[in-house]
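**Q** Predicted model follows, preceded by the sequence.
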Amino acid sequence: MARYSRTEGTIALITLSNPPVNALGAAVRRTITDIMHRALTDGEVKAVVLCGENGTFCAGADIREFGKPPSGPALVPLIHDMEASEKPVVAAIEGVALGGGLEIALGCHYRIAHAKARLGFPEVMLGLIPGAGGSQRLPRLIGIPAALELITTGRLVSAQEALKLGIVDQVVDGNTIETAVKFALNVIGVCRPLLSRRLSERTPAFSVDAAAVLEEGMARVKQRARGAFAPVVCVQALRAAATLPYSRGMETEEQLINMLIDSSQARALQYCFFAQRNARKWSLPSGARWNNSKPRAVHRVGVVGLGTMGRGITVSLVKAGISVVAVEMEEKQMDLGMRAVLGMLERDAQRRGDTRPPTHLLTFTLSLQQLGNVDLVIEAVFEDMALKKRLFTELCNVCKPSTLLCTNTSGLDVDALAVVTHRRSLVVGMHFFAPANVMKLLEVVCGPHSSAEAVATAMTLGKRLGKVGVVVGNCPGFVGNRMMKLYLDQAYFLLEEGAAPEQVDQVLEEFGFTMGIFKVSDLSGLDVGWRVRKASGLIGPDVNPKTPSRWRQGCRYSPLPDLLCEQGHLGQKSGRGWYLYETPGGKEPKPDPAMHRFLQEYRSRYGLTPRHVHAHEVIERCTYAMANEGFRILEEGIAARAEDIDVIYVFGYGWPRHRGGPMFHAAQVGLATVLQRLEHYHQLHPDVPHLQPSPLLQRLVEAGSPPVHHWREHVQHLHSHL
Ligand SMILES: C/C=C(\C)C(=O)SCCNC(=O)CCNC(=O)[C@H](O)C(C)(C)COP(=O)(O)OP(=O)(O)OC[C@H]1O[C@@H](n2cnc3c(N)ncnc32)[C@H](O)[C@@H]1OP(=O)(O)O
């Protein structure tokens, strides 16, 4: 928990010891409180050095304790007593000093940091504010503007930046604890009383325009928060620091954190924190798991296809220091792709203040033969099964027998590709999201033949690229796009029934989505879905001409997006889609009067009487339809946990993190309510089978709506993919 020792005769060394990150659980707080008291009252001790075991100072409060009844001593009095002491207390910061960890460090009189240390207040990402004095001490140390930026974004700073900002007093390359001990010996008796080192006693060095900074900060934060409360409350806490004496500021901080601590948003964000980490802990029906499967070493990767996805994947790999052989079939395409990749790397290097992008890691070629020596190939060609099958057959002949063959398909059958190779166990899906060098999500698609080694290798590679990998089973659209299809369907149906694209988008954005569904569709290009619908036989020559336009494969179908594509309205790229753009390639969507006329004509052609669609209906139909499919996905074993589905939606589809993900949201609304609303909508739309409540949802409601972590126990694994 925490150890006490003496060094150099007069220095008390307190070492936090709670692996893996020295989180401040109740027992740790109790131990530090006791031994700090011992150090501060021991006459022989002249100074105290506080450090953490295993190269980590402290990652803050133990997040697992949030939501449980409080126990153990609070941090605030401990920090207060430490700061009030006449004995200098020096923090030796290695690894991280985050949240409560940084608050402890700010209560110390001096801070020495290792060059590789990172510091920050990530509380906002957990739906909280720094609630143990951090919101009041940090602005007294570094001023309102810098504190505002760090606290409202949760951004971590390097030791070097912390030094520049004045958060730490010294940065060391060598042994931080030894340096801190020497430092402590040097300051004993030098700076008495320690008044100027006590941040709580500092007269705030606020500039005259602090009020304006806070006002601007509040406006910026509200605009970016997409409905999240914590960033707004962070600004309120900083306003207290700027305008009130320290003790009153602390009272306000306490009131504000108490308001947030049990909020549904804080719960959702904390759920996301663990869901993201649990997604790494995959397992397969064979018993193979993340911690018993060895990934292969990957030094050189082949990327086939230099379209939008291939380019982003190549950039991601090169940025992670991995050699890439990028293959295109046609010279012109290769030229375009090469220029785009080099441009992206150049801009990235400039942003990081680096003059040379790592282009030495890149080879561009028109020949697949150059893939003979790569460890792994990522195929990123068009979504055309025949093309992919030909390519996989060829890759099998070209690549060394141990090369993993991965497909970036966004929903085609990974198993159908595996069976054309002589190495089925080495075939997995690596489904990146556009732009692949920016988006964090990676679906690792495990087919029935994929080996644990192949899954482990793809997941480890994803981690090296800074992605959040989630292992999913093989089915059309996997998890993300399978649920997205139903979300889109509901959005189209809402247009048929009377809504306008901008109305649906506005409601979704107010709910917290990064972008409304129709704006997303315009951005990705309407032709993407059009091709998928053609390939799956929903449109095209295979459809019986007698089939009604609004009816496909036994259920309601909306031809709206097909009609737009037929008119060449493909979204941003053509200057017109669900919205109007100033020029082709324009980015600013404007409601399109022609779209409104088009929808009116469409409705009258099919005898649909438009009605006013309420915001709550938009949210319910879109999000409950998604969650309902999520329950089916769980039942089929395509996702192992509801958490995995939520991670996919938060990291890949702009789902608001403070609402936890579609499955968590369903749980927060109440499964019984979701069930009842789905029944209601299904009654109104019996021709939409995916509105019919899934059997798992019904069973969960019958079982009393257990919490998300217990849903797995109610899944009847008839045939589990995971
Ligand atoms: C009021 C509020 C107060 C006073 C607070 O302090 S709120 C907490 C503020 N602190 C944080 O938000 C830090 C959260 N942690 C991280 O950012 C990262 O975990 C890390 C930078 C500390 C380390 O990152 P990394 O090396 O990638 O490792 P993991 O993220 O995988 O973490 C390792 C395991 O430690 C668990 N963990 C991390 N932080 C905490 C914590 N504060 N409380 C409890 N547990 C924590 C994490 O879940 C991992 O566990 P396993 O998945 O391995 O079981």
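**A** The structure has been received and is ready for your questions.
**Q** in the helix or strand bottoming out on mean pLDDT in the chain, what's buried?
**A** Ranked by mean pLDDT, DSSP states H and E, the helix or strand of the chain with the weakest confidence is helix 526-535, at a mean of 89. Neighbour-count burial for helix 526-535 flags Leu526, Asp527, Val528, Gly529, Trp530, Val532, Arg533, Lys534 (criterion: 16 or more other C-beta atoms under 10 Å). Where you see a C-beta, it was placed from the backbone N, CA and C, and this is true even at glycine.
**Q** Which strands or helices does that helix pack on?
**A** helix 560-566 (3 or more C-beta pairs under 8 Å, 6 or more residues apart in numbering; DSSP states H and E).
**Q** Regarding this protein, what is its longest helix?
**A** As assigned by DSSP state H, the longest helix anywhere in the chain is helix 331-351.
**Q** Can you give me the buried ones in that one?
**A** If you call a residue buried by 16+ other C-beta under 10 Å, then helix 331-351 has these buried ones: Met334, Gly337, Met338, Ala340, Val341, Met344, Leu345, Asp348, Ala349.
**Q** go on, stretch 397-407?
**A** Buried residues in stretch 397-407, counted by 16+ other C-beta under 10 Å: Val398, Cys399, Thr403, Leu404, Leu405, Cys406, Thr407.
**Q** returning to what we had before: identify all contacting residues around the helix or strand following the least confident helix or strand of the chain.
**A** Once helix 526-535 ends, the next helix or strand along the chain (criterion: DSSP states H and E) is strand 551-552. Here strand 551-552 makes contact (C-beta atoms under 8 Å, 6 or more residues apart in numbering) with Leu538, Val543, Tyr557, Asp687.
**Q** who are the neighbours in contact with the nearest residue to Phe121 once chain neighbours are set aside?
**A** Spatially, and ignoring its direct neighbours in sequence, Phe121 is nearest to Pro130 (4.6 Å; C-beta to C-beta, 6 or more residues apart in numbering). Pro130 sits next to Gly99, Leu102, Glu103, Phe121, Glu123, Leu138, Ile151, Ala237, Glu253 when contact means C-beta under 8 Å, 6+ apart.
**Q** Same check on Ser536?
**A** Pro476.
**Q** Which positions in the helix or strand hosting Ala180 come out as buried?
**A** Ala180 belongs to helix 176-187 when assigned by DSSP H and E. Going by neighbour count (16+ other C-beta under 10 Å), the buried part of helix 176-187 is Thr176, Ile177, Thr179, Ala180, Val181, Lys182, Phe183, Ala184, Leu185, Val187.
**Q** min pLDDT across the residues you listed, which one?
**A** Lowest pLDDT within those is found at Val187 (89).
**Q** Quick one: name the residues of the stretch 101-250 of the chain near the ligand.
**A** Listed as neighbours of the ligand in the stretch 101-250 of the chain under the rule C-beta under 6 Å from any ligand atom: Pro122, Glu123, Leu126, Leu128, Gly131, Ala132.
**Q** can you map out the helices along the stretch 151-300 of the chain?
**A** Here the stretch 151-300 of the chain has its helices, by DSSP state H, counting those that start in this stretch, at 159-165, 176-187, 210-225, 230-243, 246-261, 264-278.
**Q** Please identify the deepest-packed of these.
**A** Stretch with highest mean neighbour count among those: helix 230-243 (a mean of 23; mean count of other C-beta atoms under 10 Å).
**Q** Which secondary structure elements does that one sit against?
**A** helix 134-142, helix 144-153, helix 210-225, helix 246-261, helix 264-278.
**Q** Using JSON lines, lay out those helices together with mean pLDDT.
**A** Listed next are the helices and strands packed on helix 230-243 as JSON lines, based on pLDDT from 0 to 100:
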{"stretch": "helix 134-142", "mean pLDDT": "96"}
{"stretch": "helix 144-153", "mean pLDDT": "96"}
{"stretch": "helix 210-225", "mean pLDDT": "92"}
{"stretch": "helix 246-261", "mean pLDDT": "97"}
{"stretch": "helix 264-278", "mean pLDDT": "97"}
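**Q** could you dump these to a markdown table with distance to Gly462?
**A** Below are these laid out as a markdown table (distance: least, C-beta to C-beta, whole Å):
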| stretch | distance to Gly462 |
| --- | --- |
| helix 134-142 | 33 |
| helix 144-153 | 25 |
| helix 210-225 | 27 |
| helix 246-261 | 33 |
| helix 264-278 | 13 |
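**Q** nearest to Thr460, of these?
**A** Of all the helices and strands packed on helix 230-243, it is helix 264-278 that lies closest to Thr460, at 15.4 Å by C-beta to C-beta.
**Q** Just the buried residues of the helix or strand just after the closest one, please?
**A** Downstream of helix 264-278, the next assigned helix or strand under DSSP H and E is strand 300-304. By neighbour count on 16+ other C-beta under 10 Å, the buried set for strand 300-304 is Arg300, Val301, Gly302, Val303, Val304.
**Q** Adjacent strands (with direction) for strand 300-304?
**A** Strand 300-304 has its sheet partners listed here by DSSP bridges as strand 323-327 (parallel), strand 376-379 (parallel).
**Q** Check the offset of that strand from the chain's centre.
**A** 26 Å (C-alpha atoms, centre = their mean, to the nearest Å).
**Q** angle of that strand against helix 331-351?
**A** With axes from the mean of the first three to the mean of the last three C-alpha atoms, to 10 degrees as the basis, strand 300-304 and helix 331-351 are set at 130 degrees to each other.
**Q** any idea how far the helix or strand that strand 300-304 is followed by is from the chain center?
**A** Where DSSP H and E defines the elements, the next helix or strand beyond strand 300-304 is helix 308-319. Using C-alpha atoms, centre = their mean, the mean C-alpha position of helix 308-319 is found 19 Å from that of the whole chain.
**Q** With that, I have no additional questions.
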